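*Asks:* Sharing a model prediction with you, sequence too.
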Amino acid sequence: MSSTSSFSNSCLAVFSLTQREIVRFLRQRTRVVGALGQPVIFWILFGAGLYGSFQPPEWASADMTYQEYFFPGVAVMILLFTAIFSTISIIEDRREGFLQGVLVSPVPRSVIVFGKLLGGTVLAVGQAVIFLIFGFCLHGVGLAPEIHLDLTVLDWCQVLLFMCLLGMTLTALGYVIAWPMSSTQGFHAIMSVFLLPMWLLSGAIFPVGASGWLSWVMWLNPLTYGVACLRRLMYAGAISSNAVGLPTLGTSLIVTSLFGVVCLILATYFTARRSSLNTR
């Protein structure tokens, strides 16, 4: 009976923390507009500006436009920054005293971690899905070129499942970064010097090169494999399984999963560790 009660309390705690993240996001209207507005503007302007100079990589079809190439990269951008920004609430909750109250509750620390991560993942994936739908709408009114996606319902389910995996991974990364911080200014500094370059060097904006130090940095970037996996799932019929210059689907899934597990372990460890920050 006690184990059943403990499980119910854990589920209630996860649901409450997840709901709190969603409600907080929806009440901040400027955050809702900015979360989708900036990526859409990036996609339209970059696509228009680089339309004539873009050369499709070897693994892509010859008629691929830059907006079509950039499409999965913008979806990953939404996943990354929505997930990362959702973890800023950790710093705000600590400042307001809410986090201290949650930490002394009779639920395992892992439940607290999962509740925060699930809330950030729901927000990130939800906005990415809205962008994918919006992209097709823009194409319908002539503001975006044709996007060659010949996907079945099963293929779309695979895309959605992978976005959930990537969203959870990136939220866990943001959690690890935000937990030891005491100010949002420091979080924004880390975002500028680490997270933004991480996205820029993931193959989202330009393909991974065949040689040079920059290509090595991109191959060592775990987000490169997230972008590659989403690209392969979305353009499954146009990219061969052994395409040169693009990680395979299996490799991308393994690297993304391992990176997510590492971030999840670190997030749980930081939460379980006693810290003077949590008494302030």
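*Replies:* Yes, it's here.
*Asks:* which residues in the protein form strands?
*Replies:* Remark: strands of the chain are absent; assignment by DSSP state E.
*Asks:* Okay, T184 and S192: tell me how far apart.
*Replies:* 13 Å (C-beta to C-beta, to the nearest Å). Placement of C-beta: from N, CA and C, glycine included.
*Asks:* what do you get for R31?
*Replies:* 18 Å.
*Asks:* The two - which one has more neighbours?
*Replies:* More crowded of R31 and S192, by other C-beta atoms under 10 Å: R31, with 15 against 10.
*Asks:* quick one: contacts for the closest residue to W219 other than its chain neighbours?
*Replies:* Leaving aside its sequence neighbours, W219 sits nearest to V208 (C-beta to C-beta, 6 or more residues apart in numbering; 6.6 Å). By C-beta atoms under 8 Å, 6 or more residues apart in numbering, the residues touching V208 are 215, 218-219, 224, 245-246.
*Asks:* what's the longest helix in this structure?
*Replies:* Counting residues, the longest helix in the chain under DSSP state H turns out to be helix 109-140.
*Asks:* In TSV: the contacts of V208, plus pLDDT and neighbour count.
*Replies:* Shown next, in TSV, are those (pLDDT from 0 to 100; neighbours: other C-beta atoms under 10 Å):
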residue	pLDDT	neighbour count
S215	85	15
M218	90	20
W219	91	14
T224	94	23
G245	75	15
L246	85	25
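*Asks:* where does the stretch 101-250 of the chain dip in pLDDT?
*Replies:* 136, 138-150, 209-211, 237, 240-242 (pLDDT under 70).
*Asks:* From A267, how far out is F42?
*Replies:* F42 is 29 Å from A267, by C-beta to C-beta.
*Asks:* Settle it for me: which of the two has more neighbours?
*Replies:* A267 (27 against 15).
*Asks:* Can you tell me the closest non-neighbouring residue to that one?
*Replies:* A267 sits nearest to Y175 (C-beta to C-beta, 6+ apart), 4.4 Å away.
*Asks:* Now do the contacts for L36.
*Replies:* 78, 127, 130-131, 134.
*Asks:* Can you flag the buried ones in the residues you listed?
*Replies:* For the contacts of L36, a burial check counting by 16 or more other C-beta atoms under 10 Å picks out 78, 127, 131.
*Asks:* between the contacts of L36, which is closest to V111?
*Replies:* Comparing these against V111 with C-beta to C-beta picks out Q127 as the nearest, at 25.2 Å.
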